[in-house]
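>>> turn this into a structure:
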Amino acid sequence: MNQIYVIGVAGGSASGKTTIVNNLKDFFKNDIELISHDCYYKAHYDMPFEEREKLNYDHPNSFDTDLLISDLLKLKNGEVVHRPVYSYTIHNRTKETIPLYPKKVIIVEGILILENEELRNLMDTKIYVDTDADERLMRRILRDMKERGRTIDSVMEQYSNTVKPMHEQFIEPSKKYADIIIPRGGENLTALNILKEHLKLVLNQ
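Numbering: from 1, shown residues only. Next up is the predicted model:
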């Protein structure tokens, strides 16, 4: 197996990370593999829904990052892994898994992927998507109501209690580890085109 190139894409909730990585996936198709840190939220099968609803999903301890690191090391070693599947509507992992295959380029995406030293040390290029807090909040309200069945009250309560303080405590400080900072998220077509050209070079090596 040729050397695998790992790119990390971090940034606050609703900053535009997913827009960027999905655009890259659409462009490069099966030449690259995507891994979302969100898929690695810890399972809480023994906890009732009402309690799962109140958990802090923006703290590093809410993720099984050790499993993500293990899976990434296996992929870099040429092995197929089976990543978890997480459901936002039930706030829990489902029983299914999805196979991930070792590709020449692997993109890891998530709010806290640069916070963990062991994880970021596996990355060849680290990107932070930097979007204004008000813009992120508006996007989050629209996304969570439309895609995740949340009410505006629940979105605002979660934002005030955990999303904003965790962003300030863990996510924003991790920006210092980034090699590249992309302002305005997925709207920044210039940055996106530069990324594509860079990945073309990597894939053609």
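>>> return the longest strand anywhere in the chain as CSV; C-alpha atoms alone will do.
Using DSSP state E to define each element, the chain has its longest strand at strand 92-100. Extracted C-alpha coordinates of strand 92-100, given in CSV (Å, rounded to 0.1, in the frame of the first residue of the first chain):
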residue,chain,number,x,y,z
ASN,A,92,-27.1,7.3,20.2
ARG,A,93,-25.1,4.9,18.1
THR,A,94,-27.1,2.5,16.0
LYS,A,95,-26.2,-1.2,15.8
GLU,A,96,-24.9,-1.0,12.3
THR,A,97,-21.4,-0.2,11.0
ILE,A,98,-20.0,1.0,7.6
PRO,A,99,-16.8,-0.2,6.0
LEU,A,100,-14.1,2.3,5.3
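>>> identify each buried residue in it, please.
Buried positions in strand 92-100, judged by neighbour count with 16 or more other CB atoms under 10 Å: 92-93, 100. From N, CA and C alone the C-beta is placed, and that goes for glycine too.
>>> which residues sit against that strand?
Under the contact criterion CB atoms under 8 Å, 6 or more residues apart in numbering, strand 92-100 has outside partners 33, 35, 41-45, 52, 71, 75, 80-87.
>>> next structured bit after that strand?
As assigned by DSSP states H and E, the chain's next helix or strand after strand 92-100 is strand 105-109.
>>> sheet partners, orientation included, of that following strand?
strand 5-11 (parallel), strand 32-36 (parallel) (DSSP bridges).
>>> can you say which of the ones you listed is packed in most?
strand 5-11 (a mean of 25; mean count of other CB atoms under 10 Å).
>>> closest to residue 151 among the buried residues of strand 92-100?
Nearest to residue 151, judged by CB to CB, of the buried residues of strand 92-100 is residue 92 at 19.4 Å.
>>> how much space separates that closest one from residue 57?
11 Å (CB to CB, to the nearest Å).
>>> average model confidence for the helix or strand where residue 190 lies?
According to DSSP H and E, residue 190 maps onto helix 189-204. Across helix 189-204, pLDDT averages out at 95.
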